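A predicted structure for the sequence below; I have some questions about it.
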Amino acid sequence: MGMTTRMSKAALVTALLGAGAIVAACGTSEQRVVFDPDPVEEPPPALSAVDGSMEEASSDAAAGAMCPSDKCKVPFATCSTSKYLCDIDLANDVNNCGSCGNKCPTETWRNDELHAKWICVDGGCQMTCSTPLYADCNGRIEDGCETPLGSLQHCGACGVQCTGDAICFDGSCQGCKAGEVRCNGQCVDLASNDVNCGACGKICTTLAGAPAPPKNMFYGCQNSECGHLKCRSPWVDCNEDIDDGCEVRLDNDTQNCGACGTKCAPGEICVNGTCQCNPGPLGCDCLIDFESDLKNCGACGLRCLDRPNATTTCTFGRCGNTCKIGYGDCNRDQVDGCEVDLMRDPTHCGSCETRCETGQACIDGVCATEPCPPGVFR
């Protein structure tokens, strides 16, 4: 009776070594050796439709998958003037305020005549005053910012009135100095003011038949009376000789700088009545810092040039540029400055090295995405 033995390939060597001895000992007895193939790893049992775990996992993966998007999020939009997808901010673009093509008034005459300009705020056009010297006190946009803020009735702000002898100076009500009175909104000394001599509004004029005044002199107010000879500013009579008139200019005379007899030191010049260092023919002799001066960076007259979308710097005598926030110098060429808009350019989105997929928008420096359509996995 034959005997069948099953063994794996792992026991092959042992079986072969003992095969001859077995045959010899058994004579006519027969032993069959059958080799099983290598064990095969069975796949895990399939989940039943009743369990539903596999379907939930697939559904969760699909729900969380994000795909490239060309859709703009509020308040961004793609308009006819767009260079990139979603590059228009409808919240603050004066040419596309609230919607594409809705342009706020930008005519220059509004600034020149009405002291006003229009800006886009939260998607709506709003008027604002273009100078702090004027305000819109009547609340009517058709006449712009109509009220000057240097008057006694509107000093620094609408409705702020100066009372008593106060005047409006630098946007605030201030009292006059001792010996001065208020005339037409200004503090004046009636004893010497040529247009308010002895009383507000009394103007001194050239006396009929009076001889011509000496050089740099005129007939004006003194001791609250007109008809007195006076020097024209900045001329003065330092030698007290009326025959040669007022012979000295106090604003540029190095021997009489700011006052008679005030001398500047050797090498100095007199500028606006003050002794100063002489800058020399090139204007650099008084400079002590060539390492950070944008107009004289590293050498006299070497001016650092402004570049687009960049802040100009002078560091240790070398000109440079620092990109403004949201821009990048991706071509490494200083001539065109920081030429890339990292917030909108899909080929350089957020950084020079980040490139969005074809047709994908770059919004605030991030490649736009949206939930993938059903059945699409990323």
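Looks like it came in fine. On a predicted model such as this, the values are computed, not experimentally measured, just so you know.

where in the stretch 51-200 of the chain is pLDDT low?
51-63 (pLDDT under 70).

all helices for it, in order.
With DSSP state H, counting those that start in this stretch, the ranges of helices along the stretch 51-200 of the chain come out as 53-64, 108-114.

Residue 293 and residue 281: what is the separation?
From residue 293 across to residue 281, the span is 18 Å (C-beta to C-beta, to the nearest Å). No exception for glycine: its C-beta is placed from N, CA and C like everyone else's.

For the two, work out which one has more neighbours and name it.
Each of residue 293 and residue 281 has its neighbours counted (other C-beta atoms under 10 Å); residue 293 has more, 18 against 7.

For that one, give me its contacts.
287, 314 (C-beta atoms under 8 Å, 6 or more residues apart in numbering).

what about it, which helix or strand?
Under the criterion DSSP states H and E, no helix or strand holds residue 293.

number of nearby residues for the closest residue in space to residue 274 that isn't next to it in sequence?
Counting by C-beta to C-beta, 6 or more residues apart in numbering, the nearest residue to residue 274 once its immediate chain neighbours are dropped is residue 258, at 6.3 Å. By other C-beta under 10 Å, the residues close to residue 258 number 15.

again, but for residue 86
Neighbours around residue 86, by other C-beta under 10 Å: 22.

Verify the stated contact: it with residue 75.
No. With contact defined as C-beta atoms under 8 Å, residue 86 and residue 75 do not form a contacting pair (10.1 Å).

that older thread, quick check: the gap between the residue nearest to residue 274 and residue 271.
For residue 258, the distance to residue 271 - C-beta to C-beta - is 10 Å.

just residue 76 next, same as before
Distance of residue 76 to residue 271, given as C-beta to C-beta: 53 Å.

cool, and residue 341?
For residue 341, the distance to residue 271 - C-beta to C-beta - is 45 Å.

With neighbour numbers in mind, choose between these two.
Remark: of residue 341 and residue 271, residue 341 carries more neighbours, 18 against 15, as counted by other C-beta under 10 Å.

Tell me which stretches of the stretch 51-200 of the chain form strands.
Using DSSP state E, counting those that start in this stretch, the strands of the stretch 51-200 of the chain run over residues 66-68, 76-77, 88-89, 116-121, 124-129, 134-135, 147-148, 167-169, 172-174, 181-183, 186-188.

Looking at those strands, which is nearest to residue 308?
Closest approach to residue 308 among the strands of the stretch 51-200 of the chain (C-beta to C-beta): strand 88-89, 19.6 Å.

which residues touch that closest one?
75, 76, 77, 78, 79, 81, 82, 96, 100.

Go again with 6 Å.
The contact list for strand 88-89, computed with C-beta atoms under 6 Å, 6 or more residues apart in numbering, reads 75, 76, 77, 79, 82, 96.
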